[in-house]
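1. Could you work out the structure for the sequence below:
(one chain, ligands or ions: 2)
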Amino acid sequence: MLGAIEAGGTKFVCAVGDEMGKIIDRIQIPTTNPEDTIPRVIAFFNQYGIKAIGIGSFGPIDVNPESPTYGYITSTPKTGWKDYPFVQTIKDAFPVPVGFNTDVNAAALGEATFGAAKGLDSCLYITVGTGIGAGAVVQGKLLQGLSHPEMGHTLVRRHPNDEYQGKCSYHHDCLEGLASGPAIEERWADKGVNLTERSEVWDLEGYYIAQALMQYVLILSPKKIILGGGVMNQIQIFPYIYKYLLELINNYVSLPDLSDYIVRPGLGDNAGVIGSLLLAKQALQEEINR
Ligand code: ADP
Ligand code: ZN
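-> Ligands and ions are numbered 1, 2, ... in the order given. Okay, the predicted model is just below:
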């Protein structure tokens, strides 16, 4: 049995399952502080004989195995989780291989293995929710360099009529600053879920997302782009994304039919947790190969 932790800013989803991504049991635990949340995570896995655990975590996190703070959540504003030794805490409770990556990289792996990008050796998974983040599978492997990608903070051109200052305290008018769920809520003074009928909201949302996708397409040339996260439940955004992306690309690169290229997650809300099971499987495999 493998264990999976999808650690999000609002909730942790823990699951046990097999190497084929089949989930056997799962629970959700609110993300409060480590003293409350982690013992509940440990209690859940204690019911099972776990061979390995995969963690897909909110970030930024340290994924560099050479680093003294490998396995830490690093610079989050969330109380209690800054400089948090996540991997070591889990290893102290369970002496098994532990895989560690971002929540969106885990989701990209899940989608590339069993979801909308199944059979492809490259895909991009983007979540548009409380924050915006993206993970990528490139040539069959999760994209990692100095650290993990932070594509949600890509700069975008502000719409000439958009006077909203931006929600990102680091960059103001990056994609997350202008298009995350909290940015929508602050700009339009209502929650996204209540704005479904306001086409100008989703037109502007598509305008910003398309600009970021333009950059990702030019730089990474992914074979599939998957858009998840709460905001993307507003499926009327997709036609705006297609329209603006086509305008921006201006036939410079040829892309597949966009309705087949830029899609919703094949695994629905389970992309991250199934991807985390796969991180556990990889960690186990690496241990065996060592
Ligand atoms: P998280 O990012 O915390 O893991 P979500 O992906 O659900 O969780 O993102 C939450 C954000 O998405 C909130 O800002 C919320 O207002 C927004 N959101 C969630 N569901 C919807 C929806 N159906 N329509 C529009 N916005 C939504
Ligand atoms: Zn930013």
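
2. that's a helix at residue 81, yeah?
-> No - under DSSP: H, G, I helix; E, B strand; the rest coil, residue 81 sits outside any helix and is assigned coil.

3. and it, what does it touch?
-> When contacts are counted by Cβ atoms under 8 Å, 6 or more residues apart in numbering, residue 81 is found next to 33-34, 73. The way it works is simple: take the backbone N, C-alpha and C, and place the C-beta from them, glycine included.

4. most neighbours, which of the residues you listed?
-> Counting neighbours by other Cβ atoms under 10 Å, residue 73 leads these with 23 neighbours.

5. Do a quick rundown of the helices in the stretch 101-250 of the chain.
-> Secondary structure of the stretch 101-250 of the chain (DSSP state H, counting those that start in this stretch): helices at 103-114, 175-179, 181-188, 199-220, 237-249.

6. Quick one: closest of these to ligand 2.
-> helix 175-179 (4.9 Å; Cβ to the ion).

7. Just give me the neighbour total for whatever residue of the stretch 51-200 of the chain ends up closest to ligand 1.
-> Taking Cβ to the nearest ligand atom as the measure, the stretch 51-200 of the chain has residue 181 as its residue closest to ligand 1, at 2.0 Å. The number of residues packed near residue 181 is 20, by other Cβ under 10 Å.

8. Numbering from 36 from now on, please.
-> In the new count, where the first residue is 36, that last one comes out as residue 216.

9. Cross-check the contact I'm expecting between it and residue 230.
-> No - between residue 216 and residue 230 there is no contact under Cβ atoms under 8 Å: 10.8 Å.

10. and stretch 136-150, average pLDDT?
-> Average pLDDT, stretch 136-150: 98.

11. Stretch 272-281 now?
-> The pLDDT scores in stretch 272-281 average 98.

12. Which residues of the chain lie near ligand 2?
-> Within the chain, the positions lying close to ligand 2 (Cβ under 5 Å from the ion) are 188, 203, 205-206, 209, 211.

13. Out of those, flag the one nearest to residue 50.
-> residue 211 (27.2 Å; Cβ to Cβ).

14. Brilliant, that's me finished.
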